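Engineer: Any chance you could fold what I've pasted below:
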Amino acid sequence: YRPKAGVCVRVCGISCTRAVVLRRFAEEYERFHAVDGSLAELVVDYFDSEKYRALAAQTRSDYEGYWGKLKPVFGHVKVDSIKPEHIRMYMDKKGASSRTQANRHHAFLSAVFSWGFQRGRCKLNPCKGVSKFTEKARERYIEDWEYQAVYDAASPALRVAMEISYLCAARQGDVLKMTKAQLQAEGIFIRQGKTARKQIKGWTPRLRAAVALASGIETKTGSIYVIPTAQGTAYTSDGFRTIWHRARETARQATGKPLDFTFHDIKAKG
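Structural biologist: You can find the predicted model right below:
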């Protein structure tokens, strides 16, 4: 990336995926164009911190997405000019369309300001004292015929992911990053990314069949992952979301039913 004459910044290796290239380009662009003392500058430094790198991969991906929505609103503003009332105004406006997303944006901003406050980068965390919206836990149960409809429309990779999530009551993130080393004699070893709980999910004929289906997924160079992409890498949340939405939409057209459930609901079904 060449932000100005005489400056050349290496963003990543030549073998990196397009998504990584674009993300790194965006990070360096913000670094060179962020206004001194602005929230954008603080976020760039937070994304480059040990605190951020210690977060789970899914959390980092989510935070980057939240910042994409928040940047047009707050990015150019000086950090000490952002007050609790501004956070409340944003929450109310965002909450009119999605209270869940408003809460997630609040959490991200609070994490950034807390990191900055402890390092003398801002005078306060304006999210403190600003209440979040009350969220109702999802109670959507996927009926067997609904599950089968999406399964029939799914690619082999998605079929394997659905079966492992269902049979092991596993979260999407734990399924997508699952490696072949986790396939043990007793069953599948899973250390939950969210709770760090360690479990072995015992083999059943149906679970063995799902792993056998996974072994037939073709890759260019081989892979350590149970459910690899064509390049042999693990699916990103965005890439997996694409194949999930595609299969669900195909199933909707085939059945004429709304099929208004998410992949996360499969764990609850399990």
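Engineer: List the buried residues of stretch 183-200.
Structural biologist: Residues of stretch 183-200 classed as buried: 187-188, 190, 193, 199 (neighbour count, 16 or more other C-beta atoms under 10 Å). In short, each C-beta sits where N, CA and C put it, glycine included.
Engineer: Please identify which pair of these lies farthest apart.
Structural biologist: Greatest spacing in these, by C-beta to C-beta: 187 and 193 (18.3 Å).
Engineer: And the helix or strand of the chain with the lowest mean pLDDT, what does it pack against?
Structural biologist: In the chain, the helix or strand scored least confidently by mean pLDDT, DSSP states H and E is helix 18-33, which has a mean of 83. If you count contacts as 3 or more C-beta pairs under 8 Å, 6 or more residues apart in numbering; DSSP states H and E, helix 18-33 packs onto helix 39-47.
Engineer: and the angle for the helix it packs on with helix 18-33?
Structural biologist: Using axes from the mean of the first three to the mean of the last three C-alpha atoms, to 10 degrees, the inter-axis angle of helix 39-47 relative to helix 18-33 is 130 degrees.
Engineer: quick one: contacts of the least confident helix or strand of the chain?
Structural biologist: If you take C-beta atoms under 8 Å, 6 or more residues apart in numbering as the criterion, helix 18-33 is touched by 1, 3-4, 9, 11-12, 16, 40, 43-44, 47-48, 64, 236, 238-239.
Engineer: Out of those residues, show me where the pLDDT dips lowest.
Structural biologist: pLDDT across these is lowest for residue 4, at 79.
Engineer: so how many other residues sit close to the residue nearest to that one when sequence neighbours are not counted?
Structural biologist: Leaving out its chain neighbours, the residue that sits closest to residue 4 by C-beta to C-beta, 6 or more residues apart in numbering is residue 32, at 7.4 Å. Neighbours of residue 32 under the rule other C-beta atoms under 10 Å: 12.
Engineer: Can you give the contact residues for whatever helix or strand residue 159 lives in?
Structural biologist: Assigned by DSSP states H and E, residue 159 falls within helix 156-168. Residues from elsewhere that reach helix 156-168 (C-beta under 8 Å, 6+ apart): 147, 150-151, 154, 170-172, 175-176, 178, 188, 190, 201, 204, 206-207, 209-211, 213-214, 216-217, 226-229, 235, 240, 243-244, 247, 263, 266-267, 269-270.
Engineer: Could you point out the helix or strand that follows that helix?
Structural biologist: Per DSSP H and E, the first helix or strand lying C-terminal to helix 156-168 is helix 172-176.
Engineer: For the helix or strand that that next one is followed by, list the C-alpha coordinates in PDB.
Structural biologist: Going down the chain from helix 172-176, the next helix or strand is strand 187-191, by DSSP H and E. Extracted in PDB, the C-alpha atoms of strand 187-191 (Å, rounded to 0.1, in the frame of the first residue of the first chain):
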ATOM      1  CA  GLY A 187     -15.000 -39.300  19.700                       C
ATOM      2  CA  ILE A 188     -14.500 -35.700  18.700                       C
ATOM      3  CA  PHE A 189     -12.600 -33.500  21.200                       C
ATOM      4  CA  ILE A 190     -14.000 -30.000  21.500                       C
ATOM      5  CA  ARG A 191     -12.800 -27.200  23.600                       C
END
